[in-house]
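**Q** Here's a sequence, model it:
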Amino acid sequence: MDLIPSFSVDHTKIIPGIFTSRVDIVGENKITTYDIRVTRPNAEPAIDVAAMHSLEHIIATYLRNDPDWKDYVIYWGPMGCLTGFYLILKGNREPKEICNLLINAFRSVEDAEEVPGASAVNCGNYLMHNLVIAKWYARRFADYLTENADNPKIFEYPKSERLVTEDGRSFFDS
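**A** The predicted structure is shown next:
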């Protein structure tokens, strides 16, 4: 069975950044999934669950209201490993092209006075939010992106190579 693109990434080498995870063709349109990696997998602690939930709400609201981007946003949501988010956009832009959008989205968290949609009516787990810790992660990641915007490594996925023997056995080499 083939590994899905996000599992073919060498998680021992990935650093925080913005990466193209996959590009799909739907009809005549390209749809791009971006890996927005906020922490370094297996080297830094996972993002606090309640803070991750708050980041999801605030940034999804920001992205879906940004006048230049709202018509391109399909999805914003957390990774199961709690090290980042997936952003799905219409079109196919290079990760560097969406860097300012993400800096602004994460900066918007710092200005938030409340978490949008954090009520029993609007959210399936409305008590699980932590705006204070979300602001800390948001500031940390926005500063990191700003300081490293000229570093190509924050936009290039470290891929694992899948070696296949003559008899069809698969091995991974990074």
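**Q** what about this structure, any weak spots by pLDDT?
**A** Across the chain, the ranges flagged by pLDDT under 70 are 3, 5-6, 159-165, 167-174.
**Q** quick check: longest helix of it.
**A** Criterion DSSP state H: the longest helix present in the chain is helix 131-148.
**Q** Pull out the buried residues from that one.
**A** By 16 or more other Cβ atoms under 10 Å, the buried positions in helix 131-148 come out as 131, 133-135, 137-138, 141-142, 144-145, 148. Where C-beta positions appear, they are placed from N, C-alpha and C, glycine not excepted.
**Q** pretty sure residue 23 contacts residue 32?
**A** Yes. Proximity of residue 23 to residue 32 meets the contact threshold set by Cβ atoms under 8 Å, at 5.1 Å.
**Q** who's more crowded, these two?
**A** residue 32 (21 against 12; other Cβ atoms under 10 Å).
**Q** does that one sit in a helix, a strand or a coil?
**A** What DSSP: H, G, I helix; E, B strand; the rest coil gives for residue 32 is strand.
**Q** For it, give me its contacts.
**A** Contacts for residue 32 (Cβ atoms under 8 Å, 6 or more residues apart in numbering) come out as 20, 22-24, 88-89, 91-93.
**Q** And residue 119, by the same measure?
**A** Residue 119 touches residue 126, counting by Cβ under 8 Å, 6+ apart.
**Q** Would you mind measuring from it to residue 125?
**A** 11 Å (Cβ to Cβ, to the nearest Å).
**Q** One more: residue 1?
**A** 32 Å.
**Q** Settle it for me: which of these two has more neighbours?
**A** Between residue 1 and residue 125, counted using other Cβ under 10 Å, residue 125 has the larger neighbour count: 11 against 4.
**Q** Excluding chain neighbours, what is closest to the more buried one?
**A** Distance criterion Cβ to Cβ, 6 or more residues apart in numbering; nearest residue to residue 125, sequence neighbours excluded, is residue 53 at 6.9 Å.
**Q** Same check on residue 87?
**A** Nearest one to residue 87, counting by Cβ to Cβ, 6+ apart, is residue 34 at 4.4 Å.
**Q** one step back: could you dump the buried residues of helix 131-148 to JSON lines with distance to residue 102?
**A** Listed next are the buried residues of helix 131-148 as JSON lines, based on distance: Cβ to Cβ, whole Å:
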{"residue": "131", "distance to residue 102": "19"}
{"residue": "133", "distance to residue 102": "19"}
{"residue": "134", "distance to residue 102": "15"}
{"residue": "135", "distance to residue 102": "16"}
{"residue": "137", "distance to residue 102": "13"}
{"residue": "138", "distance to residue 102": "10"}
{"residue": "141", "distance to residue 102": "8"}
{"residue": "142", "distance to residue 102": "8"}
{"residue": "144", "distance to residue 102": "11"}
{"residue": "145", "distance to residue 102": "6"}
{"residue": "148", "distance to residue 102": "12"}
